[in-house]
Structures are given as structure tokens and as C-alpha cells.
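[1] Structural data only, the sequence is not supplied:
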């Protein structure tokens, strides 16, 4: 009902600085949309445009199918959690959480009741009379969340809310956030540069790069069917192997190995194509129905549950990185890696966009 | 003593005091001695009547002060001067600080210009304002006459009520910039996020000013009040140059009265007593302001 929609959103500071270019997307009730991208990709600007903290150069913001483009931030009934939390330092936790309700002239009884409810959900009981300076990072974060929750807004906006927490706490709060917003039926827009947060929390991810929307899809699709080379390289850790290969007839040449090209591929103009394969999908040894690549190991990085093995492909300048569990390999060892055909991604050398492989439209 | 020397901490304390000693002696020489000397002098009559010889009178000078109408009047004038000047300076200073805190082209230049009145020597400013308010040649009269607000030129510094207002105006012109720069420092320490969060919470700009800006710059406001009160209560140069305390003593602030008592009437003992009382009033007010300041700082200390 109170879904959020942005259409043809543009923000131009100067002809050269265009943080948001013609962005259109919709977030339904109960959906959790993450704007994901490296710094400077326009994700925070997009959030600020939705919040009404900045005016778009062109385009519209609709909340609950009402056009709010020219309404002030306070009139949009949205709630936002800032990266810095933006807690009012001179107010107690209670006053911080109640601020938005007081400004909207909510009856005192209802303020008490709503703050108490948020305090219970966020486990803030006993901290209500403290000042933000007397709270830990995690507690401040929860107060900022509480301030958003009590408002019962039409849309939640979160701007990198976990980036000021240490690694251990971040994982814990991430799980709490997921539970919290699963129980709410309100659209959420979440901004982060952390792909793990995007993958774990979202129902939908919008990958942005230099102001352009690269892909808008479920986290699973973004991982399994990256729309272009940028998304392929940005999502997934360790990063996907992206190899520029020469083509010969219906094959791409990877060292001595010949990888069959997808059937629909038109002849590549430059005679080259980009092949992508994730390190976790490479298999050790010669596997049936797979192209096998021979090479020499030159680096082994221990990641704990598995090793990241880097290999020079024989008779080429290329390297492949593979995730291998329990390996006894050492630098200098010979290694054969198999490329399962269903895990290959192909990208156009010119447009950098994905070349569809025929069966995939059927599979999903 | 031996016990104190045995521990490392004890020795460090001793070293600390030894290192402090020269500075303490200097302070005692520069501050403590003159203050105590003035207090001592205030217990004597030393004027032309005693051929400038000190004659002990105990608290006689203080008793005389109680019945000294001129002293009470100067105290009253000083209070009016201080309260009006500091209040208007705070309001104007806050307005200027808010403007200078916005980003606009030429802000750096505007900030530099804003500090200029404060940087100029007071005597020079006083002389300028004396001419601006001059009854025959003053710019102020000229402007008002041309605008048709006045029919006849007014001798601003010659009428008792107007003279005080004129000196207050000059003081406001000079020190508003100081207050503005002080408050600007406070405004700059407030994160933009707070205003954005407050706007999303539904606050109007006025509500944000009341609920975010004012409480957050309260320490700077109190520092400004503290500085300005102390300066304004002891104001001398501006008034002495502009009006010399006249006309008819209408601008005679405490410092000007003390100056006259000591330098013109050569009444050193009584002058010292006046200094002591003024000093105690100032110390009391500064102590109260400092107490409020530390409370305000505790309140706003945060993230």
C-alpha cells in the first residue's frame, strides 16, 4: 500500500558531476531494497533524494502513490537512520526517540507507549535517561533505530547504519536488523558498500556505479546472473575471475584450452570475449563435460575454511584464482582446474554486458 | 616530609611545585600584590585633605561609599550599559554567526570583514563615533535629516539620555563581531546530520534553532556573556574618549568615576575602595557565569 517509487530520478550538480542518472525503481511493502555500490556511485544521494534532504534535478519520488517530490523531508512520513546516527547529544535516549513524535504533537500517553514498545524490541530498557555520550556504539545504533521505529513511517531509509560498528558487533546487529525488518511490513531502502550486508539483508539489490543503475534483482540473481562485467566483479568475494580471451570459430582460447562459446553468441567484432568464473566454482582435476585448464600455482592464501589458490595458466599471461578446501598444494606445483560450463559467465568485450546463454532463461 | 619523599609520587609532586614556583611568583607579583595593595590602601584616607599622607580610617571609605550618590549612579549606569549592550550584541551576533555559517560565495571574505571592528583600537573607534554623532558635522544627523526622520539636527552626545544610547551603539558596533565569531565557532561544531535528522523528524527551521542550535551553542553563548560582561562592566576607553562621562554624568560608568576620583581629585584611598568593590562585584558575577558554563557544558557534551 505505502510502496515507494522513484521515476527517472536525476541529480545534476554540474555537467560533469551527475551523481544520479535517470534512476527508476519501486519498493513494495515488506520489501527490503539495498542500494549497493562503491563510494561515489550515487547511492547516498539517491537516499537523500528519497528522504527529501535534496531536491532532484528531474524525476519524481512517490510514496504510497502520492507524489512527494516537492514536499519537505518532514512531510514525507519517512524515517532515516544516519551513518553517524545523528543522535541529539543534549537529549536523553528517551527524548531522542520521542523527538519525532513530540514534533508531530502526538499525545503524551501514546509517546510513552510507543517509546516503551521500541525500547522493549531494541532492548533499551534502563538506558532511557542516559545521554548518547554515555552509550556504547551498539547502543547508540539501537537508539537511532528506535527513533525511526517509533515514528511508524511509510518508508524506512538506512544510510550505512552498520559501518561505525566493529566487525563482530556488525554481524550481530546485521542479524538483528534482518529480524526486525522482517517483522515490519514497511518498505526499507538500505544503502551500503558492503556486499555481505546487501546479500544477507535484502529482498532486492540495486547495484549502482557512477550514477547508473547496473542491475536491479534479487541477491541470488545478482550473484548467479550478473548483468554486466562491473556487477560480476563487484559482487562476490573473492572476486570473480574475469579473463579477456581471443575467439576462434565457436571457441574462446584460454591458454591451450578451448572453451566452447555460448550458442547464441554473435561473432565478436574484436575477436575477443570476456569470460567470468567465480573462484568457488572452479574444480580441481579433470571433470567430465568440463574444459580443463593446466597451470602452475604461484600463490596460496589461507582463508580459514579454504585456500585461495592463484595459478598461472600454461602458455598464456592469464591467471586463475580458485577456492580449494584442504589443499596440500605449494607454490610451484602443477594444477589442473575444470570450468563447469553452467558456471561460466560471458560478457561482451565492447558493451561489457552479459551475453545470455540459452538455457538460463528457462532455468529461472 | 620524609614520607612524601620516599614515594615516587611524592618526589614528583615536589618537582612539580618546584617547577611551578617561578610562574607562581610572577603571578603573585603581577596580580596578587597589586590587588592586596589596593585593598590595603582602601583602608586609608589619602587625599589633598591629608596632604596625600595615608591616614588609617578602617572601613571609613566603605561607609562613605554607602552614602555616595554619584557612586551608586555610576554603578546603575554601568549596569544599564552592560545589560543593553550585551543583550543586543548576543542577538545580533547570533544572527551574523548564523549567516556566516551558511555556505555562500565570498564567505571567507565576509568572515574576515566581520572580525575587523573587533580588531581596531577602541580609542580610534570611539573617536570615529564621536564624529559620527557630532551635532553639527556628524554623518548620523545628516542621514536622518536627509531621510526626513529629523527636522532639526540633534546633539547626540550632548543630551543625557541620547549620550548613553550613543555610547552603547558604538560598543555594540565594536563588539558584536567578537560575539559573532565566538558563536560561529560553536555553530561549526554542530553536525549537519543533526539538522537533517531533525528535519526528517518534522521540525521547522525555528524548532531546529530552538531545540538543536541554542542548546548546542549554549557553552559559547555563556562564554560570550562572561567575556562581554567582564569587559563591559569595566568599560573605560570608549566612554572616556566619546563623552568623558558627560553630559552631567549621564554616561559616567564606574571606571570613569574611579578614574576621576583618583586622577582628578587625587583621592587615592577612596578610589582604592571603589576599585575593591567593583572588583568583588565582577568576581561574583564571573563566578556565577562560570558555574552556569560548566553546567551547560556537561549538558551538551556528547558524541
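    Cool, got the structure. Quick caveat, the model's predicted, so the values are computed rather than measured.

[2] elements contacting the helix or strand harbouring residue B:288?
    Using DSSP states H and E, residue B:288 maps to helix B:268-300. On a contact count with 3 or more C-beta pairs under 8 Å, 6 or more residues apart in numbering or on different chains; DSSP states H and E, helix B:268-300 meets helix B:33-41, strand B:44-45, helix B:60-66, helix B:214-233, helix B:254-259. C-beta here means a position set from N, CA and C on the backbone, and glycine is covered the same way.

[3] Name the residues of that helix that come out as buried.
    B:268-278, B:285-286, B:289, B:293, B:296, B:299-300 (16 or more other C-beta atoms under 10 Å in any protein chain shown).

[4] what number of residues lie near residue 15?
    Picked chain A for this. When counting by other C-beta atoms under 10 Å in any protein chain shown, one arrives at 6 neighbours for residue A:15.

[5] hmm, I had chain B in mind actually
    Neighbours of residue B:15 using other C-beta under 10 Å come to 10.

[6] Over to the one 10 residues further on?
    Here the count is done by other C-beta under 10 Å, and residue B:25 has 11 residues near it.

[7] For the stretch 101-250 of chain A, what lies in contact range of chain B?
    Taking C-beta under 8 Å from any C-beta of the partner chain as the criterion, the stretch 101-250 of chain A approaches chain B at residues A:103-104, A:131-133, A:140, A:147, A:151.

[8] Narrow these to those that are buried.
    A:103, A:131-132, A:140, A:147, A:151.

[9] Residue A:237: which of those residues is nearest?
    residue A:140 (28.4 Å; C-beta to C-beta).

[10] ok, for the closest one, nearest residue in space, not its chain neighbours?
    Leaving out its chain neighbours, the residue that sits closest to residue A:140 by C-beta to C-beta, 6 or more residues apart in numbering or on different chains is residue A:85, at 5.0 Å.

[11] what about the one you found, which helix or strand?
    Applying DSSP H and E, one finds residue A:85 in no helix or strand.

[12] Next, it: phi, psi?
    phi 70, psi -30 (degrees, to the nearest 10).

[13] about what we covered before: would you turn the buried ones among the residues of the stretch 101-250 of chain A next to chain B into TSV with secondary structure and pLDDT?
    Formatted as TSV, these follow (DSSP: H, G, I helix; E, B strand; the rest coil; pLDDT from 0 to 100):
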residue	secondary structure	pLDDT
A:103	helix	92
A:131	coil	91
A:132	helix	91
A:140	helix	92
A:147	helix	93
A:151	coil	90
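
[14] Just say helix, strand or coil for residue A:8.
    strand (DSSP: H, G, I helix; E, B strand; the rest coil).

[15] Around chain A, which positions in the stretch 151-300 of chain B sit nearby?
    Residues of the stretch 151-300 of chain B lying near chain A (C-beta under 8 Å from any C-beta): B:191, B:193-194, B:196-204, B:207, B:211-212, B:215-216, B:299-300.

[16] Among those residues, name the ones in helices.
    B:193-194, B:196-200, B:207, B:215-216, B:299-300 (DSSP state H).

[17] which among the residues of the stretch 101-250 of chain A next to chain B gets closest to residue A:263?
    Using C-beta to C-beta, those come closest to residue A:263 at residue A:151, 53.8 Å.
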